[in-house]
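K.L.:
Starting from these lines, generate the structure:
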Amino acid sequence: METAEYIRKLRARLLYHAKRYYVDDDPEISDYEYDRMYAELLALEAEHPELYDPASPTQRVGGRPLDKFEKVTHAVQMNSLSDVFSYEELLDFITRVNEQMEEPPIWSVEPKIDGLSVSLRYENGVFVQGATRGDGFVGEDVTQNLRTIFSIPMTLPEPLSLTVRGEVYMPRRVFERLNAAREASGQALLANPRNAAAGSLRQLDPKIAAERALDIFVFNFQEGSLYTDGHAPATHTETLDRLAALGFHVLENRIGTSECDAVIAHIKAVGEMRDALAYDIDGIVVKIDKLSDRIRLGEGTNTPKWAVAYKFPPEQKQTKLEDVTVAVGRTGVLTPTAVLSPVRLAGTTVSRATLHNLEFIRERDIRIGDIVTVQKAGDIIPEVVRSHADLRSANVREFYMPTHCPSCGEPVFYDADEGAATRCTNSRCPAQLSRGIEHFASKDAMNIDGLGPQIVDALLKNKLIADAADLYSLRVEQIAEMERMGEKSAQNLIDAIERSKSAGLERLIYALGIRNVGEVAAAALAARFRTLDACMRATVEELCEIPDFGQITAECVVNFFSHSQNVELCERLTEAGLLTVATAKETDDLFKGLTFVLTGTLPTMSRDEAAAKIKAAGGKVSGSVSSKTSYVVAGEAAGSKLTKAQTLGIPVIDEETLMSMIEKREI
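P.N.:
From the prediction side, this is the model:
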């Protein structure tokens, strides 16, 4: 057999077995056999570069890292869906639609995958481009990264030109493996599989994306031809069946029905099987199956009128409260944490949850040994919702806050004026010192990349630092001698510390960890007083003149700078060369008096980066939408905040509009 023909057949065999493994979940050969064939093809292609084929299985991971993602304008708008949060709201929607139809329509009821929406475009049966949803009109070209997803066919069995829409997700097992590796290396853990998938798909280096083992479900036919003879499908179900036949990984666990009771029953059934799925879902999509009916109902401004997403309520689970531990924060507050029997919750395995303070524990009558209900606040932070006294055994015991600090052994006191907090009285407490330096180095403060909790603890243990100012006198050779550090890692850390000197006054004030002074208050202080020295000399009366700056916060600022060790720390930071004078950028008043809310995944920057630009222009950034919100900046997969903004009539803009406002001074 000629080499060219053998390579063609080898490629075909690999594509067949990849589909059996990734799409059909029914492999015919072992991983070892597949890897041997793959290695053989790699070797043959290296020997015969003239036989290069971009659709070869070996070309899924390739290409040089990008400098940035190019913009892609979608041929068909990628709308988001309106959300409902109860069966009553869902039934109201179905009733409204039924009233507009001659007869009750068939509804396609299917899981809502918790991932990142993308479009896949094929020309003459070959995958040519993939893009993120973006704002629905314009997304980012992530073709290289999508090629690394083995369940996306690079070629179709027929020369069709079409565009489909799918949801990229990270399987739970991959997410758990990734977080285990990050924990072992001292990196911050990823919050959930959806965030991990979004971050992975937006890696500029496709090799990094390939390591994340992403997957996809295709859930909609956007445009083009599904048949070579020009046949036009009549229903959504037919399009999905046809896409499956063409090799796409289509949605599972879907039904078609015209009965409201059947819709609700399927939602409940899928909700009960969430734990058993290999991927996360956050709701159920209910949409009209007949395509002509969709056209008749039409589209709203941002959402179709023929579909809605029922969002599952926060997932709750029962588990046993094994113990309660107490940690000391950077401000000396002792925080009790529940140690739980591990339980799967909202995409991750949870074994710890916040208990806030002793008052919280007493109000809910929570005792060690209880069966408790836990959930994730905002699907991110685990918390104990309630205890179950009816399931309580005889050997449970009450929890009491320690009388002495678990870190330094000094006495603690109950601070009723500060939210029922229990505090350590020792300002030099090792735990406070460690947490304070971690906060100083954090992303929103001085942004010292690589200075995580383990490195901070190691620096303190080796007596290389005693406070944040000592970071700026560290030397490469000192760090390189520490365990699990080397010359290169040490140099990278020193470089990051050096870069932090120019972070600016606003970040420096926030980094100091003054009680009740968050990012917004720090920005206000920088804008009002312009120098760190002026902030240190400010009176309570002067501070209270700052808009939205209350008496308690003002007293906290004055109290902080009344302590000699804090004054000395600021003087040493100034001597180390940190920027302690506000720049013009930090005191820009372009957005003065405006409040922004950020939601969804933005096309070219993180929400933190966008927030920094807004604050640099004098605006405020809030976490919730209200009547006082000036603008909502919406990106990919914007959720309930977008819905609320539309309800209240708040202007909704995208990232490009925000940047135009900043650059062109248009508001």
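
K.L.:
give me phi/psi at Ser387?
P.N.:
phi -100, psi 170 (degrees, to the nearest 10).

K.L.:
how deep is it tucked in, by neighbour count?
P.N.:
Residues near Ser387, counting by other CB atoms under 10 Å, number 20. Quick note: C-beta positions are derived from backbone N, CA and C, even for glycine.

K.L.:
isn't it right next to Leu321, touching?
P.N.:
Yes - shown here, Ser387 and Leu321 form a contact pair, counting by CB atoms under 8 Å, at 7.5 Å.

K.L.:
Now the common contact residues for the two.
P.N.:
366-367, 370-372 (CB atoms under 8 Å, 6 or more residues apart in numbering).

K.L.:
could you say what helices and strands the helix or strand hosting Ala610 packs with?
P.N.:
Using DSSP states H and E, Ala610 falls within helix 607-616. Packing contacts for helix 607-616, counted by 3 or more CB pairs under 8 Å, 6 or more residues apart in numbering; DSSP states H and E, involve helix 519-529, strand 595-599, strand 620-622, helix 655-664.

K.L.:
what's the spacing between His266 and His249?
P.N.:
When distance is defined by CB to CB, to the nearest Å, His266 is 21 Å away from His249.

K.L.:
I should have written Asp323 there, sorry.
P.N.:
Here Asp323 is placed at a distance of 43 Å from His249 (CB to CB).

K.L.:
how about the residue minimising distance to the centre of the chain, secondary structure?
P.N.:
The residue lying closest to the centre of the chain (CA atoms, centre = their mean) is Asn195, at 3.2 Å. At Asn195 the chain is in helix, as set by DSSP: H, G, I helix; E, B strand; the rest coil.

K.L.:
Check the burial of the residue lying closest to Thr580 once chain neighbours are set aside by counting its neighbours.
P.N.:
Excluding the flanking residues, the one nearest Thr580 by CB to CB, 6 or more residues apart in numbering is Leu532, at 3.9 Å. Residues contacting Leu532 under the criterion other CB under 10 Å number 24.

K.L.:
cool, and Gly134?
P.N.:
27.

K.L.:
right, and it touches Ala634 too?
P.N.:
No - taking contacts as CB under 8 Å, Gly134 lies outside contact range of Ala634: 10.3 Å.

K.L.:
for the stretch 451-600 of the chain, which spans come out with low pLDDT?
P.N.:
In the predicted model, the stretch 451-600 of the chain carries pLDDT under 70 at residues 548, 584-588.

K.L.:
Helices of that one, residue ranges please.
P.N.:
Secondary structure of the stretch 451-600 of the chain (DSSP state H, counting those that start in this stretch): helices at 453-461, 476-480, 487-499, 505-511, 519-529, 532-537, 540-544, 551-561, 564-575.

K.L.:
ok, for Phe561, nearest residue in space, not its chain neighbours?
P.N.:
The shortest distance from Phe561 to any non-neighbouring residue, by CB to CB, 6+ apart, is to Met536 (4.5 Å).

K.L.:
I should have written His266 there, sorry.
P.N.:
Per CB to CB, 6+ apart, closest to His266 is Val109, 4.8 Å.

K.L.:
hey, what's the one you found bridged with?
P.N.:
Ile255, Val286 (DSSP bridges).

K.L.:
who touches it in this structure?
P.N.:
Contact analysis of Val109 by CB under 8 Å, 6+ apart lists 254-257, 262-263, 266-267, 284-286.

K.L.:
coming back round to it: got JSON lines for the helices and strands packed on helix 607-616, with mean neighbour count too?
P.N.:
Output for the helices and strands packed on helix 607-616, formatted as JSON lines (neighbours: other CB atoms under 10 Å):
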{"stretch": "helix 519-529", "mean neighbour count": "22"}
{"stretch": "strand 595-599", "mean neighbour count": "22"}
{"stretch": "strand 620-622", "mean neighbour count": "20"}
{"stretch": "helix 655-664", "mean neighbour count": "16"}
